[in-house]
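Chemist: What follows is a predicted structure for the sequence shown.
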Amino acid sequence: MRFFMHFFFVVSLLSATALADESSVYTCRFEEDPHGFSSIRMKKYFDTAANMELGKVDLIQNFIVTESTPTKVYQIPLLDNQTYVQLWYSPTLRVDAQLSYSQGSREFHATYNKNSERRGLICVELRD
């Protein structure tokens with residue numbers, strides 16, 4: 001019995017560590033800016049202290065980060081069980097995208113909302 005308790009503890013610890021190490025980075029260009037002088041970089045990671053996914057949305061202009069906003073990241077499954085909405089949220093900024101579980105590294109559309117500004121994005125997840 002003691003062996004199983006130790007085994008369960010080790011598996012739980014490894015699972016928490018694996019979740020903590022997971023992170024994703026997305027790069028996006030504005031739909032109306034074909035030259036890419038302005039872009040968005042979104043990062044998400046699991047924060048064990050907060051016990052949730054947190055992130056950051058960076059506005060990049062001419063290759064310089066001009067604004068960085070910390071966010072909470074929510075993943076909301078939709079009824080079809082094939083897609084979900086991923087939402088980066090802060091009181092002043094929101095980026096939302098509808099993704100499929102089999103998305104892979106394909107481009108996807110998202111919406112950037114800051115104050116009263118609303119702009120379309122074309123995004124892709126960066127992978128190793």
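Modeler: Arrived safely, thanks for sending. Residues are numbered from 1 along each chain as shown.
Chemist: Find the least confident helix or strand in this protein, judged by mean pLDDT.
Modeler: Ranked by mean pLDDT, DSSP states H and E, the helix or strand of the chain with the weakest confidence is helix 2-21, at a mean of 40.
Chemist: could I get the next helix or strand after that helix in CSV with only the CA atoms?
Modeler: Counting by DSSP states H and E, the next helix or strand C-terminal to helix 2-21 is strand 23-30. Listed next in CSV are the C-alpha coordinates belonging to strand 23-30 (Å, rounded to 0.1, in the frame of the first residue of the first chain):
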residue,chain,number,x,y,z
SER,A,23,4.1,26.8,-23.2
SER,A,24,3.1,28.1,-26.6
VAL,A,25,4.0,31.1,-28.7
TYR,A,26,1.9,32.5,-31.6
THR,A,27,2.9,35.2,-34.1
CYS,A,28,0.2,37.2,-35.9
ARG,A,29,0.0,39.8,-38.6
PHE,A,30,-2.8,42.3,-39.0
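Chemist: And the average pLDDT for strand 23-30 is what?
Modeler: Averaged over strand 23-30, pLDDT sits at 94.
Chemist: between the longest strand anywhere in the chain and strand 23-30, how many degrees?
Modeler: In the chain, taking DSSP state E as the definition, the longest strand is strand 64-77. Relative orientation of strand 64-77 and strand 23-30, computed by axes from the mean of the first three to the mean of the last three CA atoms, to 10 degrees: 110 degrees.
Chemist: Could you spell out the sheet neighbours of strand 64-77, each with its direction?
Modeler: Using DSSP bridges, the strands paired with strand 64-77 are strand 52-61 (antiparallel), strand 83-89 (antiparallel).
Chemist: could you dump the last one to PDB, C-alpha only?
Modeler: To tie it back to what came earlier, the one meant is strand 83-89. Output in PDB follows, covering the C-alpha atoms of strand 83-89 (Å, rounded to 0.1, in the frame of the first residue of the first chain):
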ATOM      1  CA  THR A  83     -13.200  23.100 -31.900                       C
ATOM      2  CA  TYR A  84     -12.600  25.600 -29.000                       C
ATOM      3  CA  VAL A  85     -12.300  29.300 -28.500                       C
ATOM      4  CA  GLN A  86      -8.900  30.400 -27.100                       C
ATOM      5  CA  LEU A  87      -9.100  33.800 -25.300                       C
ATOM      6  CA  TRP A  88      -6.300  36.000 -24.100                       C
ATOM      7  CA  TYR A  89      -7.900  38.400 -21.700                       C
END
